[in-house]
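Student: Using only what follows, build the 3D model:
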Amino acid sequence: MKLKLTVLLMVLAMILPGLLPAAEIITEEDMIKKVVVEEDFIQTANNFLILFDSSNSMKRQYQKGSPESRYEVAKTILKEKLVRLPDLGYNAGLYLFTPYSEVYPMGPLDKGNFAQAMDSLPAEPRGPTFLARGLRSIEPKLQGLSGKTVVYIFSDGTYSKLGDFKEPEDYTQALAEKYNVCFYLIGSPQDNRAQKRLEDMAKANSCSRVIPFEKFIENPEYITGALYTVKATERIETITESKIVGLKIDSIRYAFGSAKIDMEYLNEVDALGSFLQKNPAAYVLLEGYTDNTGTEEYNLQLSLRRAESVATYLKEKYMITDDRIVMNYYGAINPAASNATAEGRRMNRRVEVAVGGL
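Tutor: Residues are numbered from 1 along each chain as shown. This is a model prediction of the structure:
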């Protein structure tokens, strides 16, 4: 899939024929005329740590008939995306757990050095998968960090047991209780037992999640979405018409405490579903938000359920497949309006939608 992601909440030039008034096109020329600058971004994490699997389990082909292994594809995508992050002052670390070794020590992100560290990874995956030891070994790296840390873990849910080490899910749970950390489990388990292990590891807290390897590769927004999002108040004025490459949909807003799509917004979602049906190369990014009422844990869960409500509608009514839907959820961060008023809080209870890929 050719990846072209729309900047959220664009003010666009023309209405797409055949769709409802809320749906507006995005043109290729429009997109290249505006480059998002640093001030457009909201940082959603302060640090990231990659626990990379270079064991035998990564030798599997990325796709049937593909000459590239999952190991090769994952290295390429990580390098391309992470070295292009906006300069928001991230700390970063890169570690192998097969066996455990330090490739890029946790510290300020230097993109050139990080790229060199990626290039220094083993040429071929080999050896056992000491996942539990890797998880235990990263705790000292987390101890000195401030703010939120995202830990990307590449795993197929299997691992090699070693000595008196606990189960991997025991370590993710313990680390989540002690540190401000979110786990992104990236992999494609081969059986139900391995799938359950990844799901159990992701139960550490509300911001942790399992991402199928294929979705991670096809939609690298799963990488960047954990680290930053775009300010809701930014707007772009377009000045020309060109090839259609996306669709802009107004934010879908929700009642207090609800994840049910209100009737008044069904036209928006129907316009989105119709567009995706007519443009099979397109994909959609859904970002869920809440107002600032409630705890962080509750709001993360609620913002996830709001994004899921749109995804479920698209899948059930328009048969849009999982690989064309990317979901991120952020709770109360990135407010569209002030939470000091009832109207502002209403504006913040939303799912933002962006379409790209044409």
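Student: from here on, contacts and neighbour counts on C-alpha atoms
Tutor: Noted.
Student: Now do the buried residues in the longest helix anywhere in the chain.
Tutor: Secondary structure of the chain per DSSP state H: the longest helix is helix 296-318. Within helix 296-318, the residues that count as buried by 16 or more other C-alpha atoms under 10 Å are 296, 299-314, 318.
Student: Mean confidence (pLDDT) on it, please.
Tutor: The average pLDDT for helix 296-318 rounds to 95.
Student: for stretch 102-118, same thing?
Tutor: Mean predicted confidence for stretch 102-118 is 94.
Student: For that stretch, output the C-alpha coordinates as CSV.
Tutor: Extracted in CSV, the C-alpha atoms of stretch 102-118 (Å, rounded to 0.1, in the frame of the first residue of the first chain):
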residue,chain,number,x,y,z
GLU,A,102,22.7,-2.6,24.0
VAL,A,103,22.7,-1.2,20.5
TYR,A,104,21.8,2.5,21.1
PRO,A,105,22.1,3.4,24.8
MET,A,106,19.1,5.2,26.3
GLY,A,107,19.7,8.9,25.9
PRO,A,108,18.9,12.0,23.7
LEU,A,109,17.9,10.9,20.2
ASP,A,110,20.5,11.7,17.6
LYS,A,111,19.0,10.6,14.3
GLY,A,112,22.3,10.1,12.5
ASN,A,113,23.7,7.9,15.3
PHE,A,114,20.4,6.1,15.7
ALA,A,115,20.4,5.2,11.9
GLN,A,116,23.9,3.9,12.3
ALA,A,117,22.8,1.8,15.3
MET,A,118,20.0,0.3,13.1
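Student: Give me the distance from it to the chain's centre.
Tutor: 21 Å (C-alpha atoms, centre = their mean, to the nearest Å).
Student: how much space between Leu272 and Ala174?
Tutor: 41 Å (C-alpha to C-alpha, to the nearest Å).
Student: cool, and Asn180?
Tutor: In terms of C-alpha to C-alpha, Asn180 sits 11 Å off from Ala174.
Student: more crowded one of these two?
Tutor: Taking neighbours as other C-alpha atoms under 10 Å, Asn180 and Ala174 compare with Asn180 leading, 16 against 13.
Student: residues in contact with the more buried one?
Tutor: The contact partners of Asn180, by C-alpha atoms under 8 Å, 6 or more residues apart in numbering, come to Gly147, Lys148, Thr149.
Student: repeat that for 10 Å
Tutor: Residues in contact with Asn180, defined by C-alpha atoms under 10 Å, 6 or more residues apart in numbering, are Ala45, Leu142, Leu145, Ser146, Gly147, Lys148, Thr149, Val150, Asn205.
Student: The fifth one touches Tyr179, doesn't it?
Tutor: Yes: counting by C-alpha atoms under 10 Å, Gly147 does reach Tyr179; the two are 9.2 Å apart.
Student: So the two - more neighbours on which side?
Tutor: Tyr179 (16 against 11).
Student: Report pLDDT for that one.
Tutor: 96.
Student: Report how many residues lie close to the closest residue to it other than its chain neighbours.
Tutor: Excluding the flanking residues, the one nearest Tyr179 by C-alpha to C-alpha, 6 or more residues apart in numbering is Leu142, at 7.2 Å. Number of residues near Leu142 (other C-alpha under 10 Å) recorded here: 21.
Student: Make sure Leu142 is indeed in a helix.
Tutor: Yes: inclusion of Leu142 in a helix is indicated when DSSP: H, G, I helix; E, B strand; the rest coil is applied.
Student: now the strands: where do they sit in this protein?
Tutor: Secondary structure of the chain (DSSP state E): strands located at 24-27, 41-43, 47-52, 91-97, 100-108, 149-154, 181-187, 209-212, 228-230, 244-253, 283-288, 325-329, 350-356.
Student: Which of those strands sits closest to Gln116?
Tutor: Checking those against Gln116 by C-alpha to C-alpha gives strand 100-108 as the closest, at 9.1 Å.
Student: buried set for that closest one?
Tutor: Within strand 100-108, judged by 16+ other C-alpha under 10 Å, the buried ones are Tyr100, Val103, Tyr104, Pro105, Met106.
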